[in-house]
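Sequence and predicted structure below; questions after.
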Amino acid sequence: MENISVLEAKYEAQKIAFGPIAFQAVNSLIKIGALDLIHQSRKGISDEDISKKTGISIYGIKVLLDLARFMKVVLLENNKNKISKIGYFLIKDKLTTINFNFVNDVCYEGAFYLEDSIREEKPIGLHKAFGQWDTIYEALSELPENIRKSWFDFDHYYSDTSFDSALKIVFKNNPKKIMDIGGNTGKWSLKCTSHNNDVEMTIVDLPGQISTAKKNILNKTGADRISFYPQNLLSDEISLPGEHDIIWMSQFLDCFSEKEIIKILKAVKTAMSANTKVMIMETFVDCQKYPAAEFSLHNTSLYFTFIANGNSRMYPLSSFSKLIEKAGLVISKTHDEVGVSHTILECSLP
Ligand SMILES: C[S@@+](CC[C@H](N)C(=O)[O-])C[C@H]1O[C@@H](n2cnc3c(N)ncnc32)[C@H](O)[C@@H]1O
C-alpha cells in the first residue's frame, strides 16, 4: 500500500507539474548572482539590497525569491535572506552544480521533445536543440563551447571520481597493453600511463573524439605510449586490434541499445585471447546506495533518449548481465562501490 496521504500526493504532483519553472527560478537566481550574494552575507541580506547589488528590479528579486523561500532554497529571518542547506548544495556542491548545468545547457531545450523521441526512437531533442546529428557523440567536437563544457564536466565528473579506485583494480595483475574503448579525451589513458611506466594504451573512439584526444594528450606524461584507433563501433564491419591484456570500457556501453551492446561485445570477443580480461565500468541503477544517485540515473537515462541517441539508457545490472551472457562472455568478478556510484565488471571468455 502507498504510504502517502491524499494531500501529500497532491503536493508531490504539483512539484512535478511546476518542476521546470522552479528549476528556472533557481537558475535565474544563480545567473544574476543573487544566491552567491545571499551565501556571502553571513548576517543575511534584504530583498532591497539584493536588488541594488544585482541591478535587478525589486519586482524581479521578490518574484524569484518568493518561490525560492517557499522551496527552502533560501531562509528569511528578520526580513533578511540567508542561504539554506539546499541552497548551499545548489551553488557549492560540485556534483549538484555539474548536474544542474548539464540539465540547463545540454538537456533543457531538448527535453521538451522527449515524447517524440520515445515514439520515434530517435534523439529528436538533439535535432531540435542542436542539429541533425545521429547521436550527440558525433556532434560533440562541434557544439558551442559552453555546451561542450557542461557535457564534458558531467561526463568527466563521474568517471574521474572513480579512476583512482579503478587503477588499483585494473593494474592488479600488471597489464602491459590496455585498449580503452570510448577513450574520449584520453583522460583515463593518461592516468594509466602516469600510474605505470611501461603500460601501452590504445584509444578507440569516433574520429572527431580521436582528434580531440590527440590534442589533449600532447606533451603529457606517457603520451608516447598512447596509440589511436579511430573506429565507429556502430558500423557494419567493426574491427578491433588484438593482443591487449585488458579491454577497458568506462561509461561506454550505456551509449548503446541492448542489441548494439551485444554486437559490440561480440566484436570485442574476437579481439580477445584466453588471458584477455574485459573490464566494464558502469553506473547501474540497481547498484546504488543513495536515492539521490538512483534518481539522477533514471533522469540520465532519459537524456540518452532525447539528446544522446534515442535508444540507450543507464542499465540495471540485472538486465545488463544478460547482454554479456548473450555475447558469449562470463562475468568473473564484480567490484561494487567504485568512486561515487560505479561498478566494475570483470569479464572473460567462457
Ligand atoms: C560517455 S563517454 C565516456 C568517456 C570515458 N570513457 C569516460 O569514462 O569518461 C562515451 C564515449 O564513447 C564514444 N562513442 C560513442 N559512440 C561511439 C561509437 N559509435 N563508436 C566509437 N565510440 C563511440 C564517445 O565519443 C565518447 O567518447
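Received it, and whenever you're ready, just let me know what you need.

check contacts around I169.
Counting by Cβ atoms under 8 Å, 6 or more residues apart in numbering, I169 touches M279, H335, V338, I344, E346. (Glycine included, C-beta is placed from N, CA and C.)

Regarding the fourth one, which helix or strand does it belong to?
Following DSSP states H and E, one finds I344 within strand 342-348.

circling back to that earlier point, pLDDT check: weakest of the contacts of I169?
On pLDDT alone, V338 ranks lowest of these, at 94.

circling back: redo the contacts of I169 as JSON lines? Include distance to K10 and neighbour count.
Shown next, in JSON lines, are the contacts of I169 (distance: Cβ to Cβ, whole Å; neighbours: other Cβ atoms under 10 Å):
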{"residue": "M279", "distance to K10": "47", "neighbour count": "20"}
{"residue": "H335", "distance to K10": "43", "neighbour count": "16"}
{"residue": "V338", "distance to K10": "40", "neighbour count": "20"}
{"residue": "I344", "distance to K10": "43", "neighbour count": "21"}
{"residue": "E346", "distance to K10": "48", "neighbour count": "18"}
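
angle of the longest strand anywhere in the chain against strand 342-348?
The longest strand of the chain (DSSP state E) is strand 330-338. Angle, strand 330-338 to strand 342-348, by axes from the mean of the first three to the mean of the last three Cα atoms, to 10 degrees: 160 degrees.

filter the contacts of I169 down to the ones near the ligand?
Among those, no residue sits close to the ligand (Cβ under 6 Å from any ligand atom).

mind checking how far the strand holding I344 is from the chain centre?
When distances are taken as Cα atoms, centre = their mean, to the nearest Å, strand 342-348 is centred 19 Å away from the chain's centroid.

can you check stretch 205-225 too?
21 Å.

swap in stretch 190-203?
24 Å.

Kindly check the end-to-end length of that stretch for me.
10 Å (Cα to Cα, to the nearest Å).

cool, and stretch 249-256?
Stretch 249-256 end-to-end distance (Cα to Cα) = 12 Å.

Contacts for that stretch next, please.
So stretch 249-256 is in contact with 135, 137, 155, 158-159, 162, 166, 180-182, 188, 233-234, 261, 264-265, 268, 278-283, 304, 308-309, 311-315, 320, going by Cβ under 8 Å, 6+ apart.

could you dump the longest strand of the chain to CSV, C-alpha only?
Extracted in CSV, the C-alpha atoms of strand 330-338 (Å, rounded to 0.1, in the frame of the first residue of the first chain):
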residue,chain,number,x,y,z
VAL,A,330,31.2,-14.5,-18.5
ILE,A,331,31.4,-12.2,-15.5
SER,A,332,34.2,-13.5,-13.4
LYS,A,333,34.2,-10.7,-10.8
THR,A,334,32.1,-7.7,-9.7
HIS,A,335,33.7,-4.7,-7.9
ASP,A,336,31.0,-2.6,-6.2
GLU,A,337,31.1,0.9,-4.9
VAL,A,338,33.9,2.2,-7.1
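
who touches that strand?
162, 165-166, 169, 277, 281, 287, 289, 321, 324, 343-350.

got the angle between the helix or strand containing I262 and strand 342-348?
I262 belongs to helix 258-270 when assigned by DSSP H and E. Here helix 258-270 runs at an angle of 50 degrees relative to strand 342-348 (the same axes, to 10 degrees).

Show me what the strand holding I344 packs onto, helices and strands only.
Helices and strands touching strand 342-348, by 3 or more Cβ pairs under 8 Å, 6 or more residues apart in numbering; DSSP states H and E, are helix 145-170, strand 277-282, helix 317-326, strand 330-338.

count of neighbours near I181?
25 (other Cβ atoms under 10 Å).

so who does it touch?
Contacts of I181 (Cβ under 8 Å, 6+ apart): V204, D205, L233, L240, I247, W248, M249, F252, V268.

rerun at 10 Å
By Cβ atoms under 10 Å, 6 or more residues apart in numbering, the residues touching I181 are 202-205, 229, 231, 233, 240, 244, 247-250, 252-253, 264, 267-268, 271, 278, 280.

Same check on K80?
Contacts of K80 (Cβ under 10 Å, 6+ apart): I38, S41, K43, G44, I45, S46, D47, D49.

Now, of those, which are buried?
Taking 16 or more other Cβ atoms under 10 Å as the criterion, what is buried in the contacts of K80 is I38, S41, G44, I45, D47.

doesn't V74 make contact with the second one?
No: here S41 does not reach V74: they are 11.5 Å apart, not a contact under Cβ atoms under 10 Å.

Those residues of the stretch 151-300 of the chain touching the ligand, which are they?
155-156, 159, 182-184, 205-206, 209, 231-234, 250-252, 255.

Could you identify which of the helices and strands packed on strand 342-348 is most buried?
Comparing the helices and strands packed on strand 342-348 by mean neighbour count (mean count of other Cβ atoms under 10 Å), strand 277-282 ranks first with a mean of 23.
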